[in-house]
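Student: Fold the stuff below for me.
(4 chains)
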There are 2 protein chains.
Amino acid sequence: MKDIKERLVPLLHEGYCTPQIARLAQKIKEPSTTIHYNIKKMEALGIIKAYKAVFDYKKIEQGFCVFVLISLSPDEYGDPERIAAELAKHSEIESVDICTGDWEMMLKVRTRDQEAYYTFLRKVISRRGIVKIKTLTSLKQVKTEFVLL
Amino acid sequence: MKDIKERLVPLLHEGYCTPQIARLAQKIKEPSTTIHYNIKKMEALGIIKAYKAVFDYKKIEQGFCVFVLISLSPDEYGDPERIAAELAKHSEIESVDICTGDWEMMLKVRTRDQEAYYTFLRKVISRRGIVKIKTLTSLKQVKTEFVLL
DNA sequence: TCATAAAATTGAATAATATTCAACTATTTA
DNA sequence: TAAATAGTTGAATATTATTCAATTTTATGA
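Tutor: Residues are numbered from 1 along each chain as shown, chains lettered A, B, ... in the order given. Next up, the predicted model:
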């Protein structure tokens, strides 16, 4: 056994997939060359960013999911995007949004369990510029990435 | 012109994609038949739920993105999943989570613009059982669905 | 309005890829 | 330790994506 699975998951997580042109052609009832042309165009225009797999995260040791509401220090109001870009690099973070309202930033984070999240919190989230955070823990994920679980 | 694009986007949004076995095989340096076997196994076990495209949502008229924090009426504490499942059906909703803390539910919603969101709010979110909501509007999306924008 | 250019659609041919299958190896079970 | 099960792999086949050239449609400018 070569633990192929463990090496596949991270790749499929962010890419290494492709549209099924033949199936789309059959569904939409147009020639596959037409589908091909239109998809390549959307890729070239940057409309399509990636093709990826969606997992049942409980089954890949990523069952702990939280939303992190972040309040920035006034020093950072001018350039929240630098912190956002820094955070976005981490593979545990599913999404990073700069927001209005009581909180300046919203993260969605996935880890193995609460302990792994605590480690992540200390290592990544605790940094200069972030003055307050609030964690909302997901007890049950009903839909993710537009896919019903 | 047949507006192929408009018909492709909703399909690619939730599926109609497939893993690139040859590319994965090259990357991982294992035979493609081994990759194939392992992927089919993950699909059969329900580890992989779907293969889908990720879009630059501004470019498909879905540029308005919000997080909706929902507070349920005490009547519904016992069975928040029915409301969650109802909400999850709507294609505007990217994710539905049942949470701990001050709010019982978290939605991520995408619409064309603020007006479309307002309509959606009145039509879908306003319902018996939901007693309070708070909307956090995303001003800038840095990362979505594990994909950098 | 009409000529011209650019963009989009399409069928046929080809190239690339996924899938099947049978043999083999490694791992688990009793 | 034997037998059963699960995982790996190369070769053959089936399916699918891609290229290309021809054609149609749409946009542009005098």
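
Student: Spit out the contact partners of A:Tyr16.
Tutor: With contacts defined as CB atoms under 8 Å, 6 or more residues apart in numbering or on different chains, A:Tyr16 is in contact with A:51-52, B:19-20, B:23-24, B:27. (C-beta placed from N, C-alpha, C; glycine too.)

Student: Intersect the residues you listed with the contacts of DNA strand D.
Tutor: By CB under 7 Å from any atom of the strand, no member of these lies near DNA strand D.

Student: Whichever strand or helix holds A:Arg110 pairs with which strands, parallel or anti?
Tutor: According to DSSP states H and E, A:Arg110 maps onto strand A:105-111. The pairing partners recorded for strand A:105-111 under DSSP bridges are strand A:64-72 (antiparallel), strand A:93-99 (antiparallel).

Student: I'd like the next helix or strand past that strand.
Tutor: Next along from strand A:105-111, by DSSP H and E: helix A:114-120.

Student: All the strands of chain A, residue numbers only.
Tutor: In chain A, strands defined by DSSP state E lie at A:17-19, A:48-55, A:64-72, A:93-99, A:105-111, A:130-144, A:147-148, listed in chain order.

Student: The second one packs against which elements?
Tutor: Where contact means 3 or more CB pairs under 8 Å, 6 or more residues apart in numbering or on different chains; DSSP states H and E, strand A:48-55 is packed against helix A:4-14, strand A:17-19, strand B:17-19, strand B:48-55, strand B:147-148.

Student: residues of the third one that come out buried?
Tutor: Read that as strand B:17-19. B:17-19 (16 or more other CB atoms under 10 Å in any protein chain shown).

Student: now the most far-flung residue of chain A relative to its centre, nearest residue through space, not along the chain?
Tutor: Largest separation from the mean C-alpha position in chain A: A:Pro31, at 33.4 Å (CA atoms, centre = their mean). Distances taken as CB to CB, 6 or more residues apart in numbering or on different chains put A:Ala25 closest to A:Pro31, at 6.4 Å, once the chain neighbours are dropped.

Student: right, and the one you found touches A:Tyr37 too?
Tutor: No - using CB atoms under 8 Å, A:Ala25 and A:Tyr37 do not qualify as a contacting pair, with a distance of 11.3 Å.

Student: Between the two, which is the more surrounded one?
Tutor: A:Ala25 (16 against 11; other CB atoms under 10 Å in any protein chain shown).
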